[in-house]
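>>> Next come a sequence and a model predicted from it.
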Amino acid sequence: MPRTRRTPPAASVLAAPAAPAAWPFEIRRGLGDAASTARLPAPPPGWPAQRLLRVYAQDPTLAGDDGAVHTVSIPCEGLKPGPEGALFVVLPLPAQMPAHGAPGARDDDTTHAFAPPVDLDAPALLMQQGLAPSATSRPFMQQMVYAVCMETYARFVRALGRDPGFGPLQGEGREDGRLRILAMDDSDEVDKANAYYDRDTSRIVFGYGRALAGGSSQTGSEVYIALSRDVIAHETTHAMLDSLRPNFLRPTHRDIGGLHEGIADIVALFLRFTQRAPLERAIARNDGGLHDDLLMQIGRQYGFDLLNGSRDPMRRVSVDDPFYTDIPPERRYLHNDEEHDLGQVLVSAVFDAFCAVYERSVGPLRRSFAPYQGRLPREGVEWLAQQAAKIAARFLDIAIRAIDYCPPLHCSFGEYLRAMITADHDLTGVEGAPYREILIASFRRFGITVPDVPTLSEDSLLWRPPVTPIRIPQLAFGRLGLNFDRGLCDWPDGQAQRDAAQALCAVLCTPAHAHDAGLMAPDAKAGVLPPMLLSLRPLRRVSPEGDVRFDLVAELVQKRKVREGWFLGGATVVVSSAGEVRYAIAKHIDSARRLKAQRDWLRGQDKDVRDAAWDKHSGKSAARIARLHMARRRDQPAGRTSADAAESGRSAGVVAKRKAKTKSKTKTRTKA
């Protein structure tokens, strides 16, 4: 039988099945646009890498013996008078304090003359570390806000391994990406004795006031919030957190506002441990311990003179010694629901873990120091302060790096703990296990719950990689042409960043991988918008042992129309230097459980909170921080827990009455 020759199959039959086409997606306007993103420049040729400037260590009320003046070391850049640099523009100040609130003053008793801007590049100021601290000098006030804002920014750069810039800014900062700093607010829009960050005007605003009776200053004397290092660092952190996670200003559940406040307090608190004189003073006074008001009070003068008219700071960290004692119920997570009270729970849990690590690290040697005439030897105090500063820097790095591992929205305290554990595990491995073990125990001690985990063990808390491996060859670092300058990692140009963004979305915005990223197919009729990539950033992180790790981190967010407004979903995506998706930390847009929980919580909130959560604000979400701070000052002035009140000799009945009165005021304001 003759053999017939077979015709080979068509090439299309032999080829592998084509990958499904990506759904429509968007890339945030301005991503990769260098004109709208500020960056920290190199110092002028021949100048040192760091600039030294004097500031108040905490505020003008701190005693000289406690180290009232501190010298900060910040990145050096060429400055215009103001000062005005690549990241911050300090706005002009009135030549004298407006007379609002002064005895016999009229509403129009204000001055329109401005103080001359400070020129920090003047040779005389360069030689003497800037102006000497003064509680009334306008030029020094400008110097201090610039120095502390830059100090806080530099700590974020160090922890993240990149120059993050600011955004998404509106107003003046929309074009140049720079924050404006107003050190003396005289507007009538908000309470003047207030401080806040506002994305919509690209400003950080510090108010002023006259001291209340019973505070630390003379009644009626001038008090400037811009002279409080804690408050400046706190508000700058709000701006940094908004840049890294803009949807954290969307109040979709009880934790999200507390997370903003808590992280801002954590940064302000641990920056204090860079100040050697107050740290050594506190350690010497407490026989080597850290439970001292110099270290645990946040915003002393602001609280003493403008909030309370008493000896209460803006906030006080609430911890107990020893570590394994029970936390009173009124200081635990589930007992609090106001943003600042929740933030205090978060910062207390982190500081509690820090104190436990410190005691474990120095305890044996600390007990060997023999007190001389009732005091620790000077050498012992210096060594203990050095160890405390080292551990504090480690905790600050953990707290900041964790932001890159948080979901892009609707983040809870428990998920922030998971982010801290995963970020530190990735970088330090077994070496960092004692830190993570104590951190988990401290969160458990304060009753902070973690959703969707079987146990509170490190293995359970670590984020997991996608079930199906995802690899994006275009995102391998060898193909991105990244710049590694001054120990940081950045894109070579905007086009490279946009090309990488396209490659990422083309893989994740498909039926095969959309579930991993919390997405669903766009559908105009059903009100499901195309996913949007908000950010794509390279990371270069260095461990305490000198090991270096490179990754990419992206925020991918999608909106779905519901009856109240817009419901959001999406994921934070961490990609390795080889182009493999290591984590997709998702909030699923089709989650009926999360939608119900969001609706249930928002029913009891004010209208502005509901509008912000359902994305009904058109450019007004960030102004909510100003209103929150103002409401805190008026309705909950003390910033104290009931345990603090008990320590001051108040009875439990008085505390209960104060809480009931506060709740009554809150309900009245809600109805209005």
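Arrived safely.

>>> When you work out contacts or count neighbours from here on, use the C-alpha atoms and nothing else.
Will do.

>>> how many other residues sit next to P473?
15 (other C-alpha atoms under 10 Å).

>>> how deep is the closest residue to it other than its chain neighbours tucked in, by neighbour count?
Leaving out its chain neighbours, the residue that sits closest to P473 by C-alpha to C-alpha, 6 or more residues apart in numbering is G579, at 5.4 Å. The tally of other residues near G579 (other C-alpha under 10 Å) stands at 21.

>>> What's the separation between G579 and L504?
10 Å (C-alpha to C-alpha, to the nearest Å).

>>> Between those two, which contacts overlap?
Counting by C-alpha atoms under 8 Å, 6 or more residues apart in numbering, the residues touching both G579 and L504 are 472, 475.

>>> looking at it, the residue nearest to P473 is touching L480, isn't it?
No - here G579 does not reach L480: they are 10.4 Å apart, not a contact under C-alpha atoms under 8 Å.

>>> Quick check: neighbours shared by these two?
With C-alpha under 8 Å, 6+ apart, G579 and L480 have common neighbours Q474.

>>> that older thread, which residues does the residue nearest to P473 contact?
Contact analysis of G579 by C-alpha under 8 Å, 6+ apart lists 471-477.

>>> Filter those down to the buried ones.
Buried subset of those (neighbour count, 16 or more other C-alpha atoms under 10 Å): 471-472, 474-477.

>>> Out of these, flag the one nearest to G167.
L475 (23.7 Å; C-alpha to C-alpha).

>>> do you know how far the closest one is from C406?
Distance check for L475 against C406: by C-alpha to C-alpha, it reads 21 Å.

>>> how about the buried ones among the contacts of G579 in JSON lines, adding distance to S202 and secondary structure?
Listed next are those as JSON lines, based on distance: C-alpha to C-alpha, whole Å; DSSP: H, G, I helix; E, B strand; the rest coil:
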{"residue": "R471", "distance to S202": "38", "secondary structure": "strand"}
{"residue": "I472", "distance to S202": "36", "secondary structure": "coil"}
{"residue": "Q474", "distance to S202": "35", "secondary structure": "helix"}
{"residue": "L475", "distance to S202": "32", "secondary structure": "helix"}
{"residue": "A476", "distance to S202": "35", "secondary structure": "coil"}
{"residue": "F477", "distance to S202": "33", "secondary structure": "helix"}
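
>>> Please convert those to TSV, extending it with pLDDT and distance to G165.
Converted to TSV, those look like this (pLDDT from 0 to 100; distance: C-alpha to C-alpha, whole Å):
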residue	pLDDT	distance to G165
R471	95	28
I472	95	26
Q474	95	25
L475	95	22
A476	94	24
F477	91	21
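
>>> In a markdown table, list those along with distance to L160.
Shown next, in a markdown table, are the buried ones among the contacts of G579 (distance: C-alpha to C-alpha, whole Å):
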| residue | distance to L160 |
| --- | --- |
| R471 | 24 |
| I472 | 23 |
| Q474 | 23 |
| L475 | 19 |
| A476 | 19 |
| F477 | 17 |
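
>>> quick one: which two of these are the most distant?
Largest pairwise distance in the buried ones among the contacts of G579, by C-alpha to C-alpha, is 12.8 Å, between R471 and F477.

>>> tell me what the strand ranked longest in the chain is packed against?
Counting residues, the longest strand in the chain under DSSP state E turns out to be strand 548-562. Packing partners of strand 548-562 (3 or more C-alpha pairs under 8 Å, 6 or more residues apart in numbering; DSSP states H and E): strand 532-542, strand 565-576.

>>> worst average pLDDT in those?
Note on the helices and strands packed on strand 548-562: lowest mean pLDDT is at strand 532-542, with a mean of 91.

>>> Packed most tightly, which of the helices and strands packed on strand 548-562 would that be?
Neighbour counts (mean count of other C-alpha atoms under 10 Å) averaged over each of those peak at strand 565-576, with a mean of 24.

>>> roughly how far out does that strand sit from the chain middle?
From the chain centre to the centre of strand 565-576 is a distance of 19 Å (C-alpha atoms, centre = their mean, to the nearest Å).

>>> CA atoms only for that strand, dumped as CSV, please.
Taking Å, rounded to 0.1, in the frame of the first residue of the first chain, the C-alpha atoms of strand 565-576 are listed here in CSV:
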residue,chain,number,x,y,z
GLY,A,565,-20.6,56.0,46.2
TRP,A,566,-17.3,54.2,45.2
PHE,A,567,-16.1,51.0,46.8
LEU,A,568,-12.3,50.4,46.4
GLY,A,569,-10.2,47.3,46.0
GLY,A,570,-6.7,46.4,44.7
ALA,A,571,-3.3,45.3,46.0
THR,A,572,0.2,46.2,47.0
VAL,A,573,2.4,44.2,44.7
VAL,A,574,6.0,43.5,45.7
VAL,A,575,8.2,42.2,42.8
SER,A,576,11.7,40.8,43.3
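
>>> Could you list every helix and strand in contact with it?
Applying 3+ C-alpha pairs under 8 Å, 6+ apart, we find strand 565-576 packed against strand 548-562, strand 581-587.

>>> Next secondary structure element downstream of the last one?
So the one you mean is strand 581-587. helix 592-602 (DSSP states H and E).

>>> Tell me which residues of that following helix come out buried.
594-595, 598-599, 602.

>>> For the longest helix anywhere in the chain, what does the pLDDT average out to?
The longest helix of the chain (DSSP state H) is helix 339-368. Averaged across helix 339-368, pLDDT comes to 89.

>>> try stretch 64-81
For stretch 64-81, the per-residue pLDDT averages 90.

>>> With stretch 183-195 instead?
On average, stretch 183-195 scores 69.

>>> Do me a favour and get the end-to-end distance for it?
When the termini of stretch 183-195 are compared using C-alpha to C-alpha, they are 9 Å apart.

>>> do the same with stretch 404-417
End-to-end distance of stretch 404-417 (C-alpha to C-alpha): 12 Å.

>>> Report the rounded mean pLDDT for that stretch.
On average, stretch 404-417 scores 96.

>>> for that stretch, the distance to its chain's centre please.
Counting by C-alpha atoms, centre = their mean, stretch 404-417 comes out at 12 Å from the chain centroid.

>>> One more: stretch 171-183?
Here stretch 171-183 is found 19 Å from its chain centre; the criterion is C-alpha atoms, centre = their mean.

>>> next one: stretch 151-165
With C-alpha atoms, centre = their mean, you get 11 Å for stretch 151-165.

>>> How about stretch 466-478?
Computed by C-alpha atoms, centre = their mean, the chain-centroid distance of stretch 466-478 equals 29 Å.

>>> what's the span of it, first residue to last?
End-to-end distance of stretch 466-478 (C-alpha to C-alpha): 23 Å.

>>> what's next to that stretch, contact-wise?
Contact partners of stretch 466-478, identified using C-alpha under 8 Å, 6+ apart, comprise 480, 500, 503-504, 507, 513, 516, 575-584.

>>> same question, stretch 58-78
Contacts to stretch 58-78, defined as C-alpha under 8 Å, 6+ apart, come from residues 40-44, 47-57, 85-86, 121, 129, 133, 135, 147-148, 150-151, 154, 216-217, 227-230, 275, 277-278, 281, 299-301.

>>> do the same with stretch 494-510
Applying C-alpha under 8 Å, 6+ apart, the contact partners of stretch 494-510 are 20-25, 27, 31-34, 472, 474-475, 480, 491, 513-514, 517, 519, 531, 533, 536.

>>> Show me which residues of that stretch are buried.
The neighbour-count check on stretch 494-510 (16+ other C-alpha under 10 Å) flags 496-498, 500-502, 504-510 as buried.

>>> mind listing the strands for the stretch 151-300 of the chain?
Applying DSSP state E, counting those that start in this stretch to the stretch 151-300 of the chain gives strands spanning 179-182, 195-198, 203-206, 208-210, 222-224, 297-298.
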